[in-house]
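In: Here's my sequence, what's the structure:
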Amino acid sequence: MRKQDTSCQGSEANAKRLRPVAAPQTNREAASDWIWETDTKSRLTFLSKRFGDISGIPWALMNGRSISDLAAMGFEQAGMDKIRAATAAHGVLPSAIYRVDPARGSTHFWRLSGEPRFDAATGAFAGYRGTGTDVTAAIENEAAMTAALLRAEAAERDALRARRMLEEAIEAIPEGFVLHDAEDRLVLCNTRYREIYGLTAELIKPGVLFEDTLRETGTRRTYVIGDSGLDEWVAERMRRHRTLDGTHIEQRLTDGRWLQIEERRTSDGGTVGIRVDVTEARRREALERDRERTIAELQAARLMQTSLLPSMRLQKEIIAKSGLDIASRSASCTEIGGDLWGLSALDGGRVGVYTLDVAGHGATAALTTFRVHTLIHELGAWLLDPGRFLQELNIRLTELLQPGAFATMFYGVVDPAANCIVYAAAGSPPPLVRRGIGLPLTPLDSAGVPLGITVGAAYPSTKAEFGPGGMLFLYSDILTDRIDEHGNRVGEAGAFAWIQHCAGQVTAETAVERVCAPFFDPPGRPLGDDLTVVCIMRP
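Out: Numbering: from 1, shown residues only. As a prediction, the model looks like this:
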């Protein structure tokens with residue numbers, strides 16, 4: 001086992017301890033790992049939930065707190081000083097073991113390491129990222145083995161009995177244990193050590209040189225040797241074995257397992273070694289990295305997709321030129337979704353508006369929205385003719401989309417000067433229009449073949465009155481799929497009634513917020529589908 005950092009010894013810290021909540025029943029024989037990150041002021045910005053399982057302190061309570069708060073957990077003073085010194089200098093926090101005495105009265109040992117992060121663009125210090133491991137079980141096992149060895153040396157008068165006791169104690173250790181003498185000949189090992197390498201008692205027995213054992217395992221392809229060849233691999237491993245610089249070695253076996261190898265020199269020049277299977281810890285670490293990478297990628301994709309929506313600057317320009325009142329709300333049921341809407345400033349004070357709903361959710365639907373957004377800009381010549389615009393868009397999507405993929409869409413041109421809306425639809429939820437002051441909202445005909453199904457689909461343009469006091473309300477089908485208080489789907493009739501109930505508002509913004517309110521009550525409740533709502537009011 002690697003040489004223990006001196007900061008584990010003789011802790012005199014007596015800081016006020018955090019009171020653990022329902023201390024978990026931990027398996028002290030199992031390795032426990034977590035990941036931590038800080039900001040530039042050494043405040044924790046991320047801490048794996050596993051930390052709470054180990055310490056008994058709810059992991060969420062540590063977020064935003066300073067690393068110095070570890071002192072309140074009984075963290076040894078010498079170790080705390082060492083961490084403060086490293087972080088103050090923005091230097092690397094080398095892997096070291098620290099002693100912790102939580103409120104429940106049992107001593108723990110944690111291996112902590114961390115590296116400073118710097119902004120790739122500016123080079124400015126951005127905080128720390130590191131890992132932690134509860135190595136209490138390994139420390140305790142090492143202590144037990146060391147004690148067993150010391151008892152054996154002190155019991156020379158009864159060597160046979162002491163050896164038997166030592167062998168029984170070592171056999172009970174869950175990790176692989178091996179002891180070589182000063183000439184590197186095997187003295188003893190436990191069954192677990194043989195099992196790890198798949199070696200029988202005939203192949204590994206007292207007196208066998210460690211180098212011969214290495215060559216045997218290398219010949220059997222127990223280890224992943226790489227391209228260097230057996231001789232070079234053995235030479236490098238023997239160099240590490242003889243150096244014993246206090247660092248542990250991790251080696252990969254050909255069956256996919258990973259071993260952590262720690263070796264210490266005995267007082268008579270021999271070597272005691274521990275083999276710990278850390279495959280599961282490696283797997284958890286890889287999963288955590290993959291999870292964090294996936295979250296980061298999805299967040300980046302979400303920002304890219306959000307950038308496709310009309311910017312506030314564009315909306316303000318169109319509102320100023322057209323005199324219309326425009327508001328919207330968009331939200332995805334996942335990090336990225338298949339809903340999209342857009343605005344275009346057209347000649348003569350006219351405004352083009354569309355809503356799009358790609359079948360499905362997630363990355364596939366989001367990719368289609370990117371394709372459609374690109375095609376819309378390529379088809380700018382037909383933006384004044386909704387029917388022709390959808391026809392051309394459908395032709396291109398039919399060629400691009402995979403079989404079974406499709407999208408519904410509404411596209412309309414609002415013409416305040418002509419008091420009308422000219423529109424075409426491809427299977428979208430029926431938009432609602434109020435044709436003038438004091439008139440009720442009525443649905444527009446949105447029948448049409450969804451885009452991407454057949455090249456020959458036709459999309460006729462239709463005109464609807466849109467005078468002063470008019471309102472156009474566009475929405476995605478999450479409104480029709482909403483479940484009422486009786487557990488029933490509201491359908492189109494329920495969606496119409498709800499929008500009608502909310503439509504008597506002074507501004508488009510208040511109308512949109514009232515319509516969307518049930519989907520965000522309580523706050524943080526996940527959506528069942530992507531949500532898009534657009535309201536255009538004419539003063």
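
In: Run a quick neighbour tally on the residue lying closest to Asp181 once chain neighbours are set aside.
Out: Closest residue in space to Asp181, ignoring its immediate chain neighbours: Gly270 at 4.6 Å, by CB to CB, 6 or more residues apart in numbering. In short, each C-beta sits where N, CA and C put it, glycine included. For Gly270, the tally of surrounding residues (other CB atoms under 10 Å) stands at 17.

In: Same check on Phe118?
Out: 13.

In: and if you look at Glu202?
Out: 6.

In: Name the next helix or strand downstream of the strand or helix carrying Asn141, please.
Out: Assessed by DSSP states H and E, Asn141 sits inside helix 136-154. Where DSSP H and E defines the elements, the next helix or strand beyond helix 136-154 is helix 159-171.

In: Tell me which other helices or strands that following helix touches.
Out: In terms of contacts (3 or more CB pairs under 8 Å, 6 or more residues apart in numbering; DSSP states H and E), helix 159-171 is packed against helix 136-154, strand 186-189.

In: After the shortest one, which helix or strand is next?
Out: Per DSSP H and E, the first helix or strand lying C-terminal to strand 186-189 is helix 191-197.

In: Keeping just the C-alphas, turn whichever helix or strand comes after that next one into CSV.
Out: Under the assignment DSSP H and E, the closest C-terminal helix or strand after helix 191-197 is helix 210-219. Extracted in CSV, the C-alpha atoms of helix 210-219 (Å, rounded to 0.1, in the frame of the first residue of the first chain):
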residue,chain,number,x,y,z
PHE,A,210,8.9,-11.8,-8.2
GLU,A,211,10.4,-11.3,-11.6
ASP,A,212,9.7,-14.9,-12.6
THR,A,213,6.1,-14.4,-11.5
LEU,A,214,5.9,-11.3,-13.6
ARG,A,215,7.1,-13.1,-16.7
GLU,A,216,4.7,-15.9,-16.0
THR,A,217,1.7,-13.6,-15.9
GLY,A,218,3.0,-11.6,-18.9
THR,A,219,3.4,-14.8,-20.9
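
In: Point out where the stretch 401-539 of the chain drops to low pLDDT.
Out: Within the stretch 401-539 of the chain, the set of residues satisfying pLDDT under 70 comprises 524.

In: what about the strands in it?
Out: Applying DSSP state E, counting those that start in this stretch to the stretch 401-539 of the chain gives strands spanning 407-415, 420-426, 432-434, 441-443, 462-465, 471-475, 531-537.

In: between the ones you listed, which gets nearest to Thr40?
Out: Nearest of the strands of the stretch 401-539 of the chain to Thr40, taken as CB to CB: strand 531-537 at 36.6 Å.

In: so where is the stretch 1-150 of the chain shaky, pLDDT-wise?
Out: Ranges of the stretch 1-150 of the chain meeting pLDDT under 70: 1-32, 59-60, 102-105.

In: just the strands in it please.
Out: 32-38, 44-47, 93-100, 108-118, 125-134.

In: and the second one, which residues are buried?
Out: By neighbour count, and taking 16 or more other CB atoms under 10 Å as the criterion, the buried residues in strand 44-47 are Leu44, Phe46, Leu47.

In: Run the chain-centre distance for stretch 320-335.
Out: Averaging C-alpha positions (CA atoms, centre = their mean, to the nearest Å) puts stretch 320-335 29 Å from its chain's average.
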